[in-house]
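Visitor: Need the 3D shape of this:
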Amino acid sequence: MRSLPGLATEGRRSGGAGIDLLSTVELARVMNAEDRTVPEAVGAVVPEVAAAVEAIVERMGRGGRLVYAGAGTAGRLGVLDASECPPTFGTEPGLVVGLVAGGPAALTAAVEDAEDDRAAAVADLDALRLTAADTVVGVSASGRTPYALAAVEHARRLGALTVALAGNRGSALGDAAEHRIEVVTGPELLAGSTRLKAGTAQKLVLNMLSTLVMVRLGRTYGDLMVDLRATNEKLRVRARRIVTLATEAEPADVDAALTTTGGRVKDAVLLLLTGVDAPAAAALLARHGGRLRDALHEVLNEALG
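Guide: Okay, here's the model as predicted:
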């Protein structure tokens, strides 16, 4: 593996030695200018992201799971992305999983030596009973973190799909995976502090992976989160708004549809747009794997003939 000091993520910015002498507003502007380069760097790997999404969707269509594995910031970002999938997309527990080196304790405290524990990565994946239908995304700014690397290598041996998300080109992690996504954001404002630009790039790519996968799996209807779980008042208001936007129905009708369907947004939309009752809406969605658009097309095609 390439030596750590030679990696772009470990480099030192030109002019960085004097940043502590800048005024606070000047320092904020410098940092903001550095941060603005991140979306462009992510944009350069869009084809690689798209290819990974299509491969992940194919595996998940066979009943597979999406698993992120990383250490430190990278691992925490994976856990964050995974934890947002159930409320946003109504995913079942365990469909999207985040593994962080050091376990749950590493979410709120630094467990720095855990990133070197290759055996722990293997054990964490084995605890999930990984199968060939699953996908493992190793996340590492350096692209050489032992925990992430071991996770990808072990997953590939088991036949799972493997994806590398790294911050350096030609990374060992990329070499180990079937799909490589290497976002080069260069030296950090604070040399080697990859929670900054590299971490931001990882967050953007993880957003893309989970969101685009869920769109392709039919967990949305257009840009609407129709699989949202309304577990608090804010989300109940959002659910009513989503149904309204999808159907243009009157508020009273929206509330009645949501009540009839037990708060299930997709079912309520189908009920309002087609006139079917709640059991028929549920059956239609089950027949089409939860894809609202496909269920609507079936009803429309039957009406036409």
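Visitor: longest helix of this protein?
Guide: Ordering each helix of the chain by length in residues (DSSP state H) puts helix 197-216 first.
Visitor: Check which element follows that helix along the chain.
Guide: Tracing the chain past helix 197-216, the next element assigned as helix or strand by DSSP states H and E is helix 233-247.
Visitor: what does that following helix contact?
Guide: Helix 233-247 is contacted from outside by 87, 221-222, 224-226, 228-230, 249, 251, 254-255, 257-258, 263, 265, 268-269, 272-273, using C-beta atoms under 8 Å, 6 or more residues apart in numbering. Quick note: C-beta positions are derived from backbone N, CA and C, even for glycine.
Visitor: Before we move on, what's the pLDDT of the closest residue in space to residue 132 that isn't next to it in sequence?
Guide: Leaving aside its sequence neighbours, residue 132 sits nearest to residue 159 (C-beta to C-beta, 6 or more residues apart in numbering; 3.5 Å). Here, the pLDDT recorded for residue 159 equals 98.
Visitor: I'd assumed residue 159 was in a strand, is it?
Guide: No - per DSSP: H, G, I helix; E, B strand; the rest coil, residue 159 lies outside any strand segment and is coil.
Visitor: how much space between it and residue 178?
Guide: 11 Å (C-beta to C-beta, to the nearest Å).
Visitor: Between these two, point out the one with more neighbours.
Guide: Between residue 159 and residue 178, residue 178 has the larger neighbour count (other C-beta atoms under 10 Å), namely 16 against 12.
Visitor: For the closest residue to the more buried one other than its chain neighbours, which residues are in contact?
Guide: Nearest in space to residue 178, with sequence neighbours left out and distances taken as C-beta to C-beta, 6+ apart, is residue 162 at 5.1 Å. Going by C-beta under 8 Å, 6+ apart, residue 162 touches 135, 136, 137, 138, 152, 155, 156, 176, 177, 178, 179.
Visitor: Confirm that residue 162 sits in a strand.
Guide: Yes - assessed with three-state DSSP, residue 162 lies in a strand.
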